[in-house]
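Chemist: any chance you can model this:
(4 chains)
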There are 2 protein chains.
Amino acid sequence: MSLQESKQKFIETWGALGSEWGVNKSVAQVQALLLASGNPISTDEIMETLKISRGNANMSLRQLLDYGIIYKKVIAGDRKEYFVAEKDIFKWAMKIALMRKQREIDPIMSTLQEIREATRKDKTEEGKDFHQVISEIDTFTSQIGAIADKLIQSNRSELLLKLLKVIM
Amino acid sequence: MSLQESKQKFIETWGALGSEWGVNKSVAQVQALLLASGNPISTDEIMETLKISRGNANMSLRQLLDYGIIYKKVIAGDRKEYFVAEKDIFKWAMKIALMRKQREIDPIMSTLQEIREATRKDKTEEGKDFHQVISEIDTFTSQIGAIADKLIQSNRSELLLKLLKVIM
DNA sequence: TAAAACTTTCAGAAAATATTGAAAATACAA
DNA sequence: TTGTATTTTCAATATTTTCTGAAAGTTTTA
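Modeler: Okay, here's the model as predicted:
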């Protein structure tokens, strides 16, 4: 497997996995291409390499910029914009974790608490059972959310230390 | 907000969040309906309450059964199949975590290792840089995967203990 | 200021995913 | 067995998501 084939395989695999991660395939592939590339890359080169349209390339790049896992890079004497990936996996894994927590955990919390309150006084068996179920989900979710916050705020060595404790 | 309204809200919210979690809306709503219900429910009641087709109800139920987060329940003297949710959130959270790890982490591992090996001997700058990036992703992913395994294998009290350590 | 180089937007097309509903298969009762 | 109740399958349809490409917008150069 040549270096180019390896890079190709990485980009393909990363893209395919994106869908499992709730990340659009093009977005994942653009990140992979930038990760695999030593030097900054322009929109045109991305379009050409991944065979995607200008619109798609632009939107994928913007999303990655918003996530904070790629950066714009100015090249002197060139009007085009170039892009580089954040290569410190720790940094971008934390950013993605934060985003996922905000998307997947936070929105359910307020609803759960609202329902928990609304059903607190219910005297029927049915009501008490439901309150119990909601309360358990709420408690569990809150705990997981709090731990996620702690982990996400950690720096690299703190994170490794915390996770080491889990393993032992 | 009446009890019925609370249940309704829970089912809607759970369903809406499903998409963020990579879970089909109907599947999430069926689980929510079973969680919210004190007693076993038949396919017909699910169809009626959620206003979904028989085919959809059947496929959603099967998926939840496969995940192991709902169960079939036989009611004496009734030919219909009834279903109940696993109400121990701890149990089904672990099952879902395991499934997600298998879907999201495991598949990338072998590819990363293969690419890591294939690029190990590369002498070019480009090749060495790429090998470095892949190695870091591989190492990080392996570590997270190992921790996930440990957590998933834990029982409730072990899990809480381990997570408590993280917070402190 | 105008033209050229480049980036962004967005309506419509294409692709992917979810849902329906009716037919086929299965399970049960008489 | 045979008929009836119930479940499962799957081709057709609907919905959602993604992608394209050209037009509009912006920045830079001359």
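
Chemist: next one: the top helix by length along chain A to chain centre, how far?
Modeler: When chain A is parsed with DSSP state H, its longest helix is helix A:125-153. Here the centre of helix A:125-153 is set off from its chain's centre by 23 Å, with CA atoms, centre = their mean, to the nearest Å.

Chemist: buried set for it?
Modeler: Neighbour-count burial for helix A:125-153, counted by 16 or more other CB atoms under 10 Å in any protein chain shown, picks out A:126-127, A:129-131, A:133-138, A:140-141, A:145, A:147-148, A:150-152. Every C-beta, even on glycine, is put in place using the N, C-alpha and C of the backbone.

Chemist: I'd like the average pLDDT over it.
Modeler: Mean per-residue pLDDT for helix A:125-153: 93.

Chemist: could you find the closest non-adjacent residue to residue A:19?
Modeler: Nearest non-adjacent residue to residue A:19, counting by CB to CB, 6 or more residues apart in numbering or on different chains: residue A:25, 6.0 Å away.

Chemist: helix or strand next in line after the longest helix of chain A, which one?
Modeler: helix A:156-167 (DSSP states H and E).

Chemist: contacts for that next one?
Modeler: For helix A:156-167, the external contacting residues (CB atoms under 8 Å, 6 or more residues apart in numbering or on different chains) are A:90, A:94, A:150-151, A:154, B:143-144, B:146-147, B:150-151, B:162-163, B:165-166.

Chemist: pretty sure residue A:119 contacts residue A:130?
Modeler: Yes - taking contacts as CB atoms under 8 Å, residue A:119 lies within contact range of residue A:130: 5.8 Å.

Chemist: between these two, what contacts are shared?
Modeler: With CB under 8 Å, 6+ apart, residue A:119 and residue A:130 have common neighbours B:3, B:6.

Chemist: what ranges do the helices span in chain A?
Modeler: A:3-20, A:25-36, A:43-50, A:54-67, A:89-104, A:106-120, A:125-153, A:156-167.

Chemist: which one of those helices lies nearest to residue B:46?
Modeler: Shortest distance between residue B:46 and the helices of chain A, using CB to CB, is found for helix A:125-153: 17.2 Å.

Chemist: tell me the angle that closest one makes with helix B:3-20.
Modeler: In this structure, helix A:125-153 runs at an angle of 30 degrees to helix B:3-20, with axes from the mean of the first three to the mean of the last three CA atoms, to 10 degrees as the basis.

Chemist: close to chain B, is helix A:125-153?
Modeler: Yes - using CB under 8 Å from any CB of the partner chain, helix A:125-153 reaches chain B at A:125-127, A:129-130, A:133-134, A:136-137, A:140, A:143-144, A:146-147, A:150-151.

Chemist: which single one of those is nearest to residue A:17?
Modeler: Nearest to residue A:17 among the residues of helix A:125-153 next to chain B, with distances taken as CB to CB, is residue A:151, at 21.8 Å.

Chemist: enumerate the residues of chain A near DNA strand D.
Modeler: Selection of chain A residues close to DNA strand D by CB under 7 Å from any atom of the strand yields A:24-26, A:51-56, A:59-60, A:79.

Chemist: please redo it, this time with the cut-off set to 6 Å
Modeler: For chain A, the residues in contact with DNA strand D (CB under 6 Å from any atom of the strand) are A:24-26, A:52-56, A:79.

Chemist: now narrow those residues to whatever sits close to DNA strand C.
Modeler: Of the residues of chain A next to DNA strand D, the ones that also sit near DNA strand C (CB under 6 Å from any atom of the strand) are A:54-55, A:79.

Chemist: switch those residues over to TSV; also include distance to residue B:67, pLDDT and neighbour count.
Modeler: Conversion of those to TSV gives the following (distance: CB to CB, whole Å; pLDDT from 0 to 100; neighbours: other CB atoms under 10 Å in any protein chain shown):
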residue	distance to residue B:67	pLDDT	neighbour count
A:54	41	98	11
A:55	38	98	9
A:79	53	92	6
